[in-house]
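Asks: Next come a sequence and a model predicted from it.
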Amino acid sequence: MNQVIRVQQLSKDFGDIKAVRDLSFSVGEGQVYGFLGQNGAGKSTTIRMLLTLIEPSSGTIEIFGMNLKKHRKEILRRTGAIIEKPDLYKYLTAKENLRIFSRLSGVKVPDKKIMDQLALVGLAERADSKVKTYSQGMKQRLGLATALVHDPALILLDEPTNGLDPQGIADMRNLILHLSRDLGKTLLVSSHLLSEMEMVADHMLIIHKGKKVVEGRVTELLNPEQSIVELLTPDIPATLVFLRQSGWAATLKELVNGTIRLEFNKQQIPELNRQLVEKGIPVLSLRPLNSLEDYFLSLTKE
Amino acid sequence: MFIELLKIELYKIFKRPRTFIAFGAIAVIILLVQFALKVNGKDFVQFYTDSQADTFDIPYEKILNGYFVCVAVLHMILIHVPLLVALIAGDMISGEASLGTLRLLAGKPVTRTQLLMAKFSASTVYVTLLLAWMALFALLGSLLIFGTEDLVVFKETDLHIIKAGDVIWRFFAAFVFAALALTTIAAMALMFSVFSENSLGPIVATVCVVIVFTIVQQLRVPVFEETVNPWSFTTHMLGWKGFFYVEKNAEGATITGSIENPAALLRSGLILTGYIALFLGISIRSFNKKDILS
């Protein structure tokens, strides 16, 4: 698979604040690449660096096999993006906004295609309304239309579901899948809505405090051989003594908010449960953290 | 691509209602001044001719013609137009930042220098149209209301009389010079705009700088007269007046087609051009290095 984005050792400092640190990742052609992290993790900063809005402190970015610094224009011509809340020109209509942004991308898009794009995001009926009359959700969808109007091969979406209602979130999810599966676009989608990412992304990277925590296929990350298993018990001291003196010592990871976290193959959960009960240790719960949300929290928890 | 960018910028400027505030304000002010001079013009002329009234029989009706009124209008309003220019140019970058569209623009396949130059050029077009509008109202309107005669211009205690046939080119030149002066204001407002993420800051900063330098100029303090004023852009912005001061021969008669001090006009023009280059240079350098976080 061709690599569309290749980032190596990317860092960005704002004074003493290290927003992104030694970040490396690559996005293959046709992938929906989830870029996950809490607010302030460095997602937007990274996407802004991919769009040359922010100058990296160090590191290299290659897109479509070209160095971003040297081939900025060629790359951006084939890239569409929405960054956070896409507030467009409020005093212009949706159609006028799309016309402007397509021309800025070096393409004169005919009115029919502009209307097709608006129909794609469900705004055809409001094409001639001024953007100031739009709801936040409508602006978000119009923002997506501006990112797509020049038919880019790479689409960068920074928190695309922000401000959308549940139906809007579902529509956005379907649109992302349509762009990827039916039109063969490559998408990098940042979000903190992990459940949404789980449904659309085939690869993902989790970033925390500017550093990569983990990267890989979503299916592999969600079903690792070694799972983080959370043990909840009212008698933590006795449990810890038992675990350290038994064969489970090597699986002990950490103590978080009154729960003990261990790392082992989740097939062994019944065996651990049996041993704990045999030792008279009460078990309130013993479960693997296997949703993306749990996995994310387990990786980024302080 | 630059032409396309310029077209987009002009489209955005003229789609905003606030753009037309300046055109409306200029029309209203000019009409008010014309009305005032029509009703009470003799007192206005007397104010300037008081010292000569005992010596000469002043032909008030002839002096108060369309050309004279147009010069009077320019004296009164050109000093205030920088505010109207700042209103548009000061919003060029900062307005996009506060609107959240700067990141969309800067992420497109155009260089930031192209983007900035397109915005500057659009501001210049706006300034030119504003002056053309002013010319239309101030010159054509005054000629229609007050008619044509020789133009009398007062310069401190001196008096310059310009033949009616020698006037029109001077107005044209004065408007071109005023366009250069106002473009300097537009370049300064644009520069402040690069450093700000709200619209108000650059507009207020521009107006403040103009006010401060105008006051320094009017104070006529020797130390400022020797150091600041010869280089202050507000001094040279008034250079347009020079087109209405004519050379006189040995008999004291004005020489048709002449300018009293063309070297001073040229110097003022060059200094203003230098300021535009300086402000644009700072803007381009800063804008290219700027991390767009808005």
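Replies: Good, I have the coordinates. Numbering: from 1, shown residues only, chains lettered A, B, ... in the order given.
Asks: contacts and neighbour counts: CA atoms only from here.
Replies: Will do.
Asks: Any residues of chain B in contact with chain A? List them.
Replies: Within chain B, the positions lying close to chain A (CA under 8 Å from any CA of the partner chain) are B:1, B:4-5, B:8, B:15-16, B:99-101, B:103-111, B:289-293.
Asks: got the contact list for residue 128?
Replies: In the absence of a named chain, chain A is used. Taking CA atoms under 8 Å, 6 or more residues apart in numbering or on different chains as the definition of contact, the neighbours of residue A:128 are A:93-95.
Asks: I was thinking of chain B, sorry if that wasn't clear
Replies: Residue B:128 touches residue B:179, counting by CA under 8 Å, 6+ apart.
Asks: in the helix or strand where it lies, what counts as buried?
Replies: Taking DSSP states H and E as the definition, one finds residue B:128 inside helix B:112-135. Within helix B:112-135, the residues that qualify as buried are B:112, B:114-128, B:130-135, counting by 16 or more other CA atoms under 10 Å in any protein chain shown.
Asks: what residues are up against the spatially most central residue of chain A?
Replies: Using CA atoms, centre = their mean, the residue of chain A that lies closest to the mean C-alpha position is residue A:35, 2.7 Å off. Applying CA under 8 Å, 6+ apart to residue A:35 gives the contacts A:43, A:188-191, A:204-207.
Asks: again, only using 10 Å
Replies: Residue A:35 is in contact with A:42-44, A:46-47, A:157-159, A:188-192, A:194, A:197, A:201, A:203-207, A:215, counting by CA atoms under 10 Å, 6 or more residues apart in numbering or on different chains.
Asks: Check residue A:162 too.
Replies: If you count contacts by CA under 10 Å, 6+ apart, residue A:162 has them with A:84-85, A:136-137, A:140, A:168-169, A:191-193.
Asks: just the residues you listed that are near chain B?
Replies: Taking CA under 10 Å from any CA of the partner chain as the test, chain B is in contact with A:84-85 out of the contacts of residue A:162.
Asks: Return the member of the contacts of residue A:162 nearest to chain B.
Replies: Using CA to the nearest CA, residue A:85 is the member of the contacts of residue A:162 that sits closest to chain B, with 7.8 Å.
Asks: which residues touch the closest one?
Replies: With contacts taken as CA under 10 Å, 6+ apart, residue A:85 has the following neighbours: A:136-137, A:139-140, A:143, A:158-163, B:100-101.
Asks: Check residue A:215 too.
Replies: Residue A:215 sits next to A:24-26, A:34-36, A:203-207, A:221 when contact means CA under 10 Å, 6+ apart.
Asks: In CSV, list those residues along with pLDDT and distance to residue B:232.
Replies: Conversion of those to CSV gives the following (pLDDT from 0 to 100; distance: CA to CA, whole Å):
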residue, pLDDT, distance to residue B:232
A:24, 94, 52
A:25, 93, 54
A:26, 93, 55
A:34, 92, 56
A:35, 90, 53
A:36, 88, 54
A:203, 90, 61
A:204, 89, 58
A:205, 91, 56
A:206, 89, 56
A:207, 89, 53
A:221, 74, 66
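Asks: Now do the SS call for the closest residue to chain B within the stretch 151-300 of chain A.
Replies: Scanning the stretch 151-300 of chain A for proximity to chain B using CA to the nearest CA identifies residue A:156 as nearest, at 11.0 Å. When the structure is split into helix, strand and coil by DSSP: H, G, I helix; E, B strand; the rest coil, residue A:156 lands in strand.
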